[in-house]
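1. output the structure for:
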Amino acid sequence: MSLPLFLKPKNLYHMIRLGKSNDGGYLCGTTSIKKANTLISFGINDDFSFEENFLKFNPNIKIICYDENDYKIFWLKKIWSAIGNIFYGLNIKSILITIITIVKFNIFFKKNTLIKKKITYNSLNDILIKEKKLIHEPLFLKIDIEGSEYRILESILKIQDSIVGIVIEFHDIDLHIEKIKNFINKLRLSLIHIHGNNYSELDQSGNPTTIELTFEKDPKFDNGDQIYPNILDQPNNPLKKNINLKFI
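-> As a prediction, this is how the structure comes out:
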């Protein structure tokens with residue numbers, strides 16, 4: 001089981017983990033967190049823990065999030081699902097958790113920006129033009145958009161001088177490995193971390209088909225051995241072990 005060598009960071013870097021336990025948390029370089037003026041997040045669903053943690057480490061950050069969900073319908077479905085759990089599974093906790101999540105979600109996005117938008121090839125360019133008054137460089141990008149990440153890679157490269165950090169989840173990497181290689185080769189930020197998402201299927205070689213990559217401009221080196229998973233990494237699926245990564 002081994003991944004191509006271009007996916008292996010060249011050194012060990014100083015990082016912290018942002019976001020909730022297991023799925024939704026990412027390792028980020030400390031330098032980029034402090035330097036960023038705007039965090040642009042693509043893909044929220046009902047989890048804003050990464051953005052919430054980012055704000056704690058950089059209280060002056062401007063947060064702008066994008067998701068294609070219609071949240072009035074989204075939350076209604078969540079509530080009905082939770083009510084169904086009460087009747088069929090006698091799980092009263094699910095409705096309480098849903099209500100608490102909705103309240104916290106709305107409180108967070110009263111102070112921060114959430115925009116309904118489907119991500120397309122021109123989305124990033126459109127956002128930078130349309131939201132010019134909201135966005136201040138340098139930027140940090142968080143991208144978790146279930147396969148649509150490949151549509152905005154060229155747009156990222158065009159504005160890379162304005163970016164200090166990126167966390168991005170790549171899906172179906174067995175089908176798109178050349179696109180990822182081309183992106184990394186053209187990106188002038190350093191690849192500082194890789195993590196295999198253990199919710200994804202393994203390919204024929206036993207490699208994860210979904211990976212999380214972190215990039216940073218001028219990263220700070222750290223002491224220690226390069227081991228993947230990193231000691232800070234957590235399995236996306238808590239019921240399964242983290243995936244050990246090797247490279248050739």
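2. what does whatever helix or strand residue 128 lives in rub up against?
-> Element membership for residue 128 (DSSP states H and E) is helix 123-130. By Cβ atoms under 8 Å, 6 or more residues apart in numbering, the residues outside helix 123-130 that reach it are 40, 42, 64, 66, 117, 135, 151-152, 155-156, 158-159. C-beta here means a position set from N, CA and C on the backbone, and glycine is covered the same way.
3. what angle separates the following helix or strand past that helix from helix 123-130?
-> Downstream of helix 123-130, the first helix or strand assigned by DSSP H and E is strand 139-143. Using axes from the mean of the first three to the mean of the last three Cα atoms, to 10 degrees, the direction of strand 139-143 lies 140 degrees away from that of helix 123-130.
4. what is strand 139-143 packed up against?
-> In terms of contact count using 3 or more Cβ pairs under 8 Å, 6 or more residues apart in numbering; DSSP states H and E, strand 139-143 is assigned the packing partners strand 38-42, helix 49-57, strand 163-170.
5. out of these, deepest packed?
-> Mean neighbour count (mean count of other Cβ atoms under 10 Å) peaks for strand 163-170 among these, with a mean of 24.
6. other residues contacting it?
-> Contacts for strand 163-170 (Cβ under 8 Å, 6+ apart): 26-29, 31-33, 35-36, 50, 138-144, 149, 156, 176, 180, 189, 197, 210-217.
7. please list only the buried members of the residues you listed.
-> Among those, those classed as buried by 16 or more other Cβ atoms under 10 Å are 26-29, 31-33, 35-36, 50, 139-144, 149, 156, 176, 180, 189, 197, 210-217.
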